[in-house]
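Chemist: Curious how this folds, go ahead:
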Amino acid sequence: MKLNITIILILICTILSFPQKFTWQNPLPQGDNLYSIKFLNTSTGFVVGDAGTIMKTTNAGETWVINNNEVSEEILGCFFISDSVGFASSIGGNIIKTTNGGNSWLSIYTDSNIALYSIHFIDSNNGFASGGALDGSASIILHTTNGGSTWTVQNPNTFYTLFSVYFIDSNIGYAAGMGGIIIKTTDSGNSWVAQTSGSMNNLYSIIFTEPSTGFTAGNGGVILKTTNGGTSWTSLNSSTFNIIQSLQYVNLNIIIVAGYDGTIIRTTNGGVDWVTKFTIPLTMFWSSASYDINNIFIVGGSNSGLGGIMYHSSNGGEDWTEILNVGDNTLFSISFMNNLYGYVSGYNGTILNTTDGGNNWGKITSPTYNSLYSVCMIQNSGVYFAGIGGTILKYSDEGTFVNKTKNSPSYFNLGQNYPNPFNPETTINFQIAKKALVMLKIYDITGRVIQTLVNQPLQEGTYKVKFNSSRIGSGVYFYRMTAESSTITKKMIVIK
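Modeler: Residues are numbered from 1 along each chain as shown. As a prediction, the model looks like this:
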């Protein structure tokens, strides 16, 4: 799997409106790990993952359908040219193509001895796939000039696996990988020339800030810079020996690097000098996000998965302040929709949100303990989280998760919450006999509404929703479900 995962923005899309409800999207109809989620428009999206999993939604995530294909192994890369034509690559050396929006997929290349880590198309005809032999003994670059009908194995002039690829334009591209290898093409990949990196360390990330100026980084704290389009690379004094897996571009002068042992280093003069801002032993930074050039957030946690950490810079990375009380679980992903609203997801299903630009973060009750690695935001539709076990969650408008089991109940029913009495969390089950507008609310003993758990149209099926009582005191409470002409009320007890 691609290794430059420390400070990556795992968000594929952006959103400008603030949604308010979480709805469980998956595991229906499968339970394999999902690694990437991408939407083509406000309605149509895809997720890919383990065991050849490709799933598609055409109604903004309300339902997901498995797209059958000929791949049985982990799918790592997915790229769409248009709403109809798309490609995916796998760890087993397969490339598959769809010409009907993912309804069916056809194998167009296979080599069981290689792993393809990334796939990229310059236009509808010209595309590249890169990776290496499964045993790490050789690199591979494939090139198509006819939309994937045929693929040509290119000579990358190296035996080393390639982890990162970066194209400046349709002609000029770079790849970096194992053993300090850097290669360059100036003719859309028809030929690749090895560059002199001067390093034997694995290189996990490569970026260019200008056509002639680029950076790459990797093992042992190595950072290399070119100012002549890759003809030569100069080793920079990064001030760290920790593994660097990501380079965050702020502007031409400011670049922020993060990696193992919670290391953050920064340059303000285009890489001439690097200053270590801090390190946190036995931790890893996984993701960063910013809503302007000054306000940058970095999240991570301990290598064990326990103990979340978050740091904020309000001056472009010069100074960093730890944000406390972000929970006990490692945080994998962070995203801001604007200068007020942001989301974080993490280990054991952790989800946090802020409504004041990151000054304060609150924990949102999640229906899953599956780790959530990926977030996708769709304007006027919702926020989607994807992770282990094929989990997909949608955030829409009331601040509640609903978990659905696909069946066909014959009547409307509201189950007794369990556990009961409880502190702080309980689960409520209910059945919907046919599509209906469903409302589920919590009341105190005086009849005052404490929280609305569900307020949306739901298809027939059996659902469960979690309620967290951390904001209310001990006592007797009631929960009431209304659907069609049915109204059912049950009692719950909170003991603290």
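Chemist: I figured residue 493 hits residue 421, correct?
Modeler: Yes. With contact defined as Cβ atoms under 8 Å, residue 493 counts as touching residue 421 (4.0 Å). Where you see a C-beta, it was placed from the backbone N, CA and C, and this is true even at glycine.
Chemist: Which one's more surrounded, these two?
Modeler: Each of residue 493 and residue 421 has its neighbours counted (other Cβ atoms under 10 Å); residue 493 has more, 16 against 13.
Chemist: can you give me the mean pLDDT across the helix or strand containing the more buried one?
Modeler: In this assignment (DSSP states H and E), residue 493 forms part of strand 486-494. Mean per-residue pLDDT for strand 486-494: 91.
Chemist: So for it, what gets flagged as buried?
Modeler: 490, 492, 493, 494 (16 or more other Cβ atoms under 10 Å).
Chemist: Greatest separation within these: which pair is it?
Modeler: Spatial extent of the buried residues of strand 486-494 (Cβ to Cβ) is set by the pair 490 and 494 at 13.8 Å.
Chemist: tell me the SS of the residue lying farthest from the centre of the chain?
Modeler: Distance from the C-alpha centroid of the chain, by Cα atoms, centre = their mean, peaks at residue 446 (43.5 Å). Judged by DSSP: H, G, I helix; E, B strand; the rest coil, the three-state class of residue 446 is coil.
Chemist: Need the pLDDT of it.
Modeler: Here the pLDDT value assigned to residue 446 is 87.
Chemist: now do residue 179
Modeler: 88.
Chemist: Count the residues that sit near it.
Modeler: Residue 179: 18 neighbours (other Cβ under 10 Å).
Chemist: neighbours around the closest residue to it other than its chain neighbours, how many?
Modeler: Of all residues beyond its chain neighbours, the one nearest residue 179 is residue 160 (4.6 Å), with distances taken as Cβ to Cβ, 6 or more residues apart in numbering. Per other Cβ under 10 Å, the neighbour tally for residue 160 reads 23.
Chemist: my read: residue 160 touches residue 178, true?
Modeler: Yes. The pair residue 160 and residue 178 qualifies as a contact (Cβ under 8 Å) at a distance of 3.9 Å.
Chemist: Pull up the overlap in contacts between the two.
Modeler: Listed as contacting both residue 160 and residue 178 by Cβ atoms under 8 Å, 6 or more residues apart in numbering are 132, 139.
Chemist: and stretch 201-220, average pLDDT?
Modeler: Stretch 201-220 comes out at a mean pLDDT of 87.
Chemist: List the buried residues of that stretch.
Modeler: Within stretch 201-220, judged by 16+ other Cβ under 10 Å, the buried ones are 201-209, 213-219.
Chemist: what about dumping the CA coordinates of that stretch to CSV?
Modeler: What follows is stretch 201-220, C-alpha atoms only, in CSV (Å, rounded to 0.1, in the frame of the first residue of the first chain):
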residue,chain,number,x,y,z
ASN,A,201,17.0,6.0,1.6
ASN,A,202,13.4,5.1,0.6
LEU,A,203,11.6,8.2,-0.7
TYR,A,204,7.9,8.2,0.2
SER,A,205,6.7,11.6,-1.0
ILE,A,206,7.6,14.0,-3.9
ILE,A,207,6.1,17.4,-4.7
PHE,A,208,7.0,20.4,-6.9
THR,A,209,6.3,23.9,-5.9
GLU,A,210,7.4,25.3,-9.3
PRO,A,211,8.2,23.6,-12.6
SER,A,212,11.9,23.6,-11.7
THR,A,213,11.7,23.3,-8.0
GLY,A,214,10.8,20.1,-6.2
PHE,A,215,11.2,18.3,-2.9
THR,A,216,11.2,14.6,-1.9
ALA,A,217,11.5,13.0,1.5
GLY,A,218,11.8,9.6,3.2
ASN,A,219,13.7,7.4,5.6
GLY,A,220,16.2,8.8,8.1
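Chemist: Confidence-wise, which helix or strand of the protein is lowest on average?
Modeler: Lowest by mean pLDDT, DSSP states H and E among the helices and strands of the chain is strand 22-26, with a mean of 51.
Chemist: one step back: against residue 347, how distant is the residue nearest to residue 179?
Modeler: 32 Å (Cβ to Cβ, to the nearest Å).
Chemist: Can you report how many residues neighbour the nearest residue to residue 264 once chain neighbours are set aside?
Modeler: Closest residue in space to residue 264, ignoring its immediate chain neighbours: residue 277 at 4.5 Å, by Cβ to Cβ, 6+ apart. Residues near residue 277, counting by other Cβ under 10 Å, number 20.
Chemist: Residue 153 now?
Modeler: 12.
Chemist: residues contacting the closest residue in space to it that isn't next to it in sequence?
Modeler: Leaving aside its chain neighbours, residue 153 sits nearest to residue 142 (6.1 Å; criterion: Cβ to Cβ, 6+ apart). Shown in contact with residue 142 (Cβ under 8 Å, 6+ apart): 95, 109, 116, 128, 129, 130, 151, 152, 153, 154.
Chemist: Please identify the helix or strand for residue 142.
Modeler: strand 139-144.
Chemist: Next, the buried residues of that strand.
Modeler: Judged by neighbour count (16+ other Cβ under 10 Å), strand 139-144 contains these buried residues: 139, 140, 141, 142, 143, 144.
Chemist: what does stretch 273-289 give?
Modeler: 274, 277, 280, 283, 284, 285, 286, 287, 288, 289.
Chemist: from the chain's centre, how far out does that stretch sit?
Modeler: 20 Å (Cα atoms, centre = their mean, to the nearest Å).
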